[in-house]
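Participant: My questions concern the predicted model and sequence given below.
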Amino acid sequence: MRVHFIAIGGSAMHNLAIALHRKGDVVSGSDDEIFEPSKSRLAACGLLPPEIGWFPEKITPDLDAIILGMHARADNPELIAAQKLGLKIYSYPEYLYEQSKTKKRIVIGGSHGKTTITSMILHILKYAGIEADYMVGAQLDGFDVMVRLSNGAEWMIMEGDEYLTSPLDRRPKFLHYRPHIALISGIGWDHVNVFPKFDMYLDQFRQFIRAIELGGSLIYNADDDEVVRLAQEASCHKIPYSIHPFSLENGDVFLQTPDGQAVKLQIFGRHNLTNISAALAVTNVMGVSSLQAYKALTDFKGASRRLELVLNSHGLAVYRDFAHAPSKVKASCEAMRQKYPDHQLIACFEPHTFSSLNSGFIGQYRDALEKADIAVVFYDPHAVELKKLTFMDADTIREAFNHPHMVIVSDTSGLIEVLKRECRLPSAIVMMSSGSFGGLDIRQMAEEILQ
């Protein structure tokens, strides 16, 4: 197959390009900006475009497929050239389905926990020696790519995103996957720019359930009221799960297994104990024994940027986390407090998404940082400007989060200054953002605090 990517530099897109290249397809692509790590990874595979920009002359009749990234606009010159030639144009999720339509498809959906649950499943399958194709939203320890496609695997495990498919297709991505097994981890309103009312957002998950193949199953979080209500409406086979029994000892977490064993984990937090139950439910359906699954979980370290330890030295523990939605921020703060009950806890949050920077939505974060002794909000005016939103003053932000000890900063130097001033050892700091705190080197920051 000859496949051309329009917007090859995206996180998901470049991983799919590498997966197809490894599968033996002839891959080309274009983009108007390519950042790290996409740039280096594409270059290593010989897939980095020689020039940045859009080049309609690359679109030729001998191409078997065009894959259109969300970053491209409807007036993209390469897209227009492909339409004129009548070439087959796929969105990213459409092409994933095309590559997996003969396989048993498992799709992990939900407002939070998708990447971690998918990561846990893949970790367990690798330990059990079960081959599977996959698509996951973060770099995983022991896996060199985020997408794998093959001709031989029986299973396809996919992280199911409820966001829009492409500039030409306004449906959520996960509606294309038509799962045999669908999982919903939890529902908390997000993507307010696309779903301005919660009921609209909720309905996307209702449609996701309806997309389950005939004879398929729904695995769902029985601790989430919204998910339970949707599950009650569903007519397919249903498998509920709940938080896994556990115990704590000196900050370490132990799973309490049905046979009375205690399994020590490297991850922590009540949300992760619920995610473990989800992963166990999926791998059980796939035929993995409980013994194998529990053994695999003992060395699971988590996905990149999901409560990822950056530095732990001389009474200072610093983590970075991808949390951005209210439920995710709250869960991460609660996990940090559980892990470090006797430390000063500083929670730093950067509103970076359209929803979190929206004055009509920010009230959803009320009490999300309540477990922290000190809350720091990194409010970047440049991010607000890029998303063409109304600037919020400090009082609006303080009222929204409702935290008694809150500091608001707008640049990296101010953030570092605040952390140096407020930090009292022993201390735990969690840096939460889907962005980068203005390009902050978090490890370097942690070392400066220690000095």
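Facilitator: Sure thing, it's come through.

Participant: from here on, contacts and neighbour counts on C-alpha atoms
Facilitator: OK.

Participant: Residue 150: what's it in contact with?
Facilitator: 23, 133 (Cα atoms under 8 Å, 6 or more residues apart in numbering).

Participant: Quick check: phi and psi on it?
Facilitator: Dihedral angles of residue 150 (phi, psi; degrees, to the nearest 10) stand at phi -150, psi 170.

Participant: and the gap between it and residue 131?
Facilitator: According to Cα to Cα, to the nearest Å, residue 150 and residue 131 sit 10 Å apart.

Participant: Setting aside sequence neighbours, what's the nearest residue to residue 403?
Facilitator: Sequence neighbours aside, residue 370 is the residue nearest to residue 403 in space, at 6.2 Å (criterion: Cα to Cα, 6 or more residues apart in numbering).

Participant: Mind listing what's buried along stretch 290-301?
Facilitator: Neighbour counts over stretch 290-301 (16 or more other Cα atoms under 10 Å) mark 293, 294, 296, 297, 300, 301 as buried.

Participant: Does the one helix or strand the second one maps to pack against any helices or strands, and if so which?
Facilitator: Read that as residue 294. Element membership of residue 294, judged by DSSP states H and E, is helix 290-297. For helix 290-297, the packing partners by 3 or more Cα pairs under 8 Å, 6 or more residues apart in numbering; DSSP states H and E come out as helix 114-128, helix 270-285.

Participant: for the last one, the distance to its chain's centre please.
Facilitator: What it means is helix 270-285. Mean-position distance between helix 270-285 and its chain equals 16 Å (Cα atoms, centre = their mean, to the nearest Å).

Participant: buried residues in that helix?
Facilitator: Neighbour-count burial for helix 270-285 flags 270-283 (criterion: 16+ other Cα under 10 Å).

Participant: Show residues contacting that helix.
Facilitator: 113, 116-118, 120-121, 124-125, 183, 185, 219-221, 239, 241-246, 290, 293, 331, 334-335.

Participant: change it to 7 Å
Facilitator: 113, 117, 120, 121, 241, 242, 243, 244, 293, 331, 335 (Cα atoms under 7 Å, 6 or more residues apart in numbering).

Participant: can you name the two of the residues you listed that are farthest apart?
Facilitator: 293 and 331 (24.3 Å; Cα to Cα).

Participant: just to revisit the earlier point, tell me the helices and strands packed up against the helix or strand following the helix holding residue 294.
Facilitator: Using DSSP H and E, the helix or strand that follows helix 290-297 in sequence is strand 308-313. Strand 308-313 sits against strand 316-321, with contacts defined as 3 or more Cα pairs under 7 Å, 6 or more residues apart in numbering; DSSP states H and E.

Participant: export the strand it packs on as PDB, just CAs?
Facilitator: Only the C-alpha atoms of strand 316-321 are listed here, as PDB (Å, rounded to 0.1, in the frame of the first residue of the first chain):
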ATOM      1  CA  LEU A 316      11.400  16.400  48.000                       C
ATOM      2  CA  ALA A 317       9.300  14.300  45.700                       C
ATOM      3  CA  VAL A 318       8.300  15.900  42.400                       C
ATOM      4  CA  TYR A 319       5.800  14.300  39.900                       C
ATOM      5  CA  ARG A 320       4.500  15.400  36.500                       C
ATOM      6  CA  ASP A 321       1.000  14.500  35.400                       C
END
